[in-house]
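S.K.: My questions concern the predicted model and sequence given below.
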Amino acid sequence: MSVTMTVNGLDAVQAWASELHTTMTQAAAAAVLDVSQDVASKVEIAMPVDTGWAQARWGNPEMYGFWEVSDDGLQIEQGSDLSMIDKYEYIIRLNEGSSQQAPAGFIDVLAENGGDKLEAQLNEIADRVD
């Protein structure tokens with residue numbers, strides 16, 4: 001006695017899986033961009049203002065800030081380049097609570113909230129596959 005099993009349609013499944021990977025990566029990158037822009041906007045709004053320099057620097061390469069996209073858009077790093085503006089830098093002190101205009105850790109809280117929002121968006125993307 002013998003049993004023979006044959007896989008039919010494997011090529012179609014492999015093509016679907018490859019397309020799914022691309023679609024998921026693009027959707028995740030769009031979510032990362034959306035959340036990163038949202039965090040940048042909220043940091044700008046929350047940033048204590050005296051001269052406006054700290055607010056203008058955040059994420060703005062023209063003002064010695066940075067906005068770096070990597071890993072096919074799955075990672076975005078934003079902030080202020082301390083190596084370029086160290087003698088003027090006070091964003092760290094502002095985040096530590098040196099101004100009465102914003103509570104200590106305000107950037108940290110906004111980043112954490114952004115992480116939670118990104119997690120929720122990625123879960124929504126994953127749920128569409130189920």
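M.R.: In hand now; what should we look at? Remember, predicted model here, so these are calculated numbers, not experimental data. Numbering: from 1, shown residues only.

S.K.: Residues in a beta bridge with E68, which ones?
M.R.: E77 (DSSP bridges).

S.K.: how much space is there between it and Q78?
M.R.: Noted for E68: a distance of 8 Å to Q78, by CB to CB, to the nearest Å. No exception for glycine: its C-beta is placed from N, CA and C like everyone else's.

S.K.: neighbour-wise, which of those two wins?
M.R.: Using other CB atoms under 10 Å, the more surrounded residue of E68 and Q78 is Q78, with 19 against 11.

S.K.: residue contacts, the spatially closest residue to the more buried one that is not a sequence neighbour?
M.R.: Spatial nearest neighbour of Q78, excluding adjacent residues (CB to CB, 6 or more residues apart in numbering): G59 at 4.2 Å. G59 is in contact with 40, 43, 65-67, 78-79, counting by CB atoms under 8 Å, 6 or more residues apart in numbering.

S.K.: in this structure, which spans are helices?
M.R.: With DSSP state H as the criterion, the chain has helices at 10-46, 53-57, 82-85, 91-95, 106-129.
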